[in-house]
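K.L.:
fold the following and give me the result.
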Amino acid sequence: MRTVTKLSLAALCGLGLSFPAVAADLAAPKVMPVEAKAPDPLIGFSFGSRYQTDYNFRGVSQSNLQGSYQTFFEAQFLNNFAYAGFATYQTRLPTRPDMEFDLVAGIRPTFGKLAFDLGILYYFYPNETRLFNADGITPFTTANTDYYEAAGKVLYTATDALTLGANVFFSPNFLGTHANSTYASGTAAYLLPATLFPFLPEAYAGGFSLSSEVGYFFLGSAKSSATGAFGSTAPGRFPSFNLPSYLYGNVGLSYTYKNITLDVRYHDTDLDKRQCAALTGDFRQLTNGGTSKWCGEAVIGSITFQTSTAAPGIYAEPGGLLNLFR
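P.N.:
Numbers count the residues shown, from 1 in each chain. Alright, predicted model coming up:
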């Protein structure tokens, strides 16, 4: 995101998907003999890829309202208590980085029905090109928009079908602008009963779910040469500009079959087009009256492939990948 520059996501902490039970799973005895119990894995892996019709991060397009191909990988330690990983995102941002490359690490302690995720995320935009206004002197974007966030998430499994969550992300230097940022949100996901889809074969009727997120992005004062007061003579001080804070929400329907998830989701914010331009640095504002469409209503579709050593899905079946087409 830019005005400063661009918004970017990592929501790698939220990349995890729920997997349906493998068809080959059999009911285990309530108390297994000691010799039959498998030890908890010390190291596991999760990886996958995704295509979105628009890379939307907290209500703001990161791909100029166009498609985005993404990949992610995570290593998990001590039965998924600790983790480290990375993700890549195809972007189309004002400073034209090659991509967005995110690094993430943290821990996931669990206490009964509560599952916590405490981590750190670093957003890296390689080979950025700083933009200047028509005079060729006044910066239109910051020179470097790399930044990090501290993340805290909690999920509560209310029932087998309903999961509730809360998230907080904080950065002291949002997008390299020296502005504090805090994003807080609540989430809910509900697994729809298979009986709602009697027209589908039984093997395919149980993968539908509804989910939603509502959050508020608190943004502070940006202090950089790209905030509109370039050339300040005050020693050791930056000119400042108040970034617009805003409300964001999404709601969508997902369908998961084996290792593939299809999702259609509606996104919206309460930013107007001028606030969007000021926040994102959308370069088209220079010719369209200072507005941007990157923060408006959007319906976005995605297809995600993900697998892991804990939930191998198709890889645990005799037919492997070919079972997707049966």
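K.L.:
after the lowest-mean-pLDDT helix or strand in the chain, next one along is what?
P.N.:
Ranking every helix and strand in the chain by mean pLDDT, DSSP states H and E puts strand 240-242 at the bottom, with a mean of 78. As assigned by DSSP states H and E, the chain's next helix or strand after strand 240-242 is strand 246-257.
K.L.:
list the buried residues for that next one?
P.N.:
Buried residues in strand 246-257, defined by neighbour count with 16 or more other CB atoms under 10 Å: 246, 248, 249, 250, 252, 254, 255, 256. In short, each C-beta sits where N, CA and C put it, glycine included.
K.L.:
same question, stretch 71-85
P.N.:
Buried-residue list, stretch 71-85, by 16+ other CB under 10 Å: 72, 74, 75, 76, 80, 83, 85.
K.L.:
three-state assignment of the second one?
P.N.:
Local secondary structure at residue 74 is given as strand here, using DSSP: H, G, I helix; E, B strand; the rest coil.
K.L.:
for it, give the beta-bridge partners.
P.N.:
residue 46, residue 85 (DSSP bridges).
K.L.:
any idea of the pLDDT on it?
P.N.:
Residue 74 is assigned 97 on the pLDDT scale.
K.L.:
that one contacts residue 102, correct?
P.N.:
No. Between residue 74 and residue 102 there is no contact under CB atoms under 8 Å: 11.3 Å.
K.L.:
quick one: residue 274 is in a helix?
P.N.:
Yes. Assessed by three-state DSSP, residue 274 belongs to a helix.
K.L.:
residue contacts, it?
P.N.:
By CB atoms under 8 Å, 6 or more residues apart in numbering, the residues touching residue 274 are 290, 291.
K.L.:
hmm, try it at 10 Å
P.N.:
Residue 274 sits next to 244, 285, 289, 290, 291, 292 when contact means CB atoms under 10 Å, 6 or more residues apart in numbering.
K.L.:
and the second one, how many neighbours?
P.N.:
Around residue 285 sit 20 other residues, with neighbours defined as other CB atoms under 10 Å.
K.L.:
how about the secondary structure of it?
P.N.:
Going by three-state DSSP: residue 285 is helix.
K.L.:
can you tell me how far it is from residue 177?
P.N.:
17 Å (CB to CB, to the nearest Å).
K.L.:
in the stretch 201-326 of the chain, which spans are strands?
P.N.:
Along the stretch 201-326 of the chain, counting by DSSP state E, counting those that start in this stretch, strands occupy 208-219, 221-223, 240-242, 246-257, 260-269, 298-308.
K.L.:
which parts of the last one are buried?
P.N.:
With burial defined by 16+ other CB under 10 Å, the residues of strand 298-308 counted as buried are 298, 300, 302, 304, 305, 306, 307, 308.
K.L.:
do the same with the first one
P.N.:
Using 16+ other CB under 10 Å as the burial criterion, the residues of strand 208-219 that qualify are 208, 209, 211, 213, 215, 217, 219.
K.L.:
what strand or helix carries the closest residue to the third one other than its chain neighbours?
P.N.:
The one in question is residue 211. Spatial nearest neighbour of residue 211, excluding adjacent residues (CB to CB, 6 or more residues apart in numbering): residue 189 at 4.0 Å. Per DSSP H and E, residue 189 falls inside strand 181-191.
K.L.:
and that strand, what does it pack against?
P.N.:
When contacts are defined as 3 or more CB pairs under 10 Å, 6 or more residues apart in numbering; DSSP states H and E, strand 181-191 sits against strand 147-157, strand 162-171, strand 208-219, strand 246-257.
K.L.:
recalculate using a threshold of 6 Å.
P.N.:
strand 162-171, strand 208-219 (3 or more CB pairs under 6 Å, 6 or more residues apart in numbering; DSSP states H and E).
K.L.:
now the longest one against strand 181-191, angle please.
P.N.:
Relative orientation of strand 208-219 and strand 181-191, computed by axes from the mean of the first three to the mean of the last three CA atoms, to 10 degrees: 170 degrees.
K.L.:
neighbouring contacts of strand 208-219?
P.N.:
58, 181-192, 243, 245-251, 253-255 (CB atoms under 6 Å, 6 or more residues apart in numbering).
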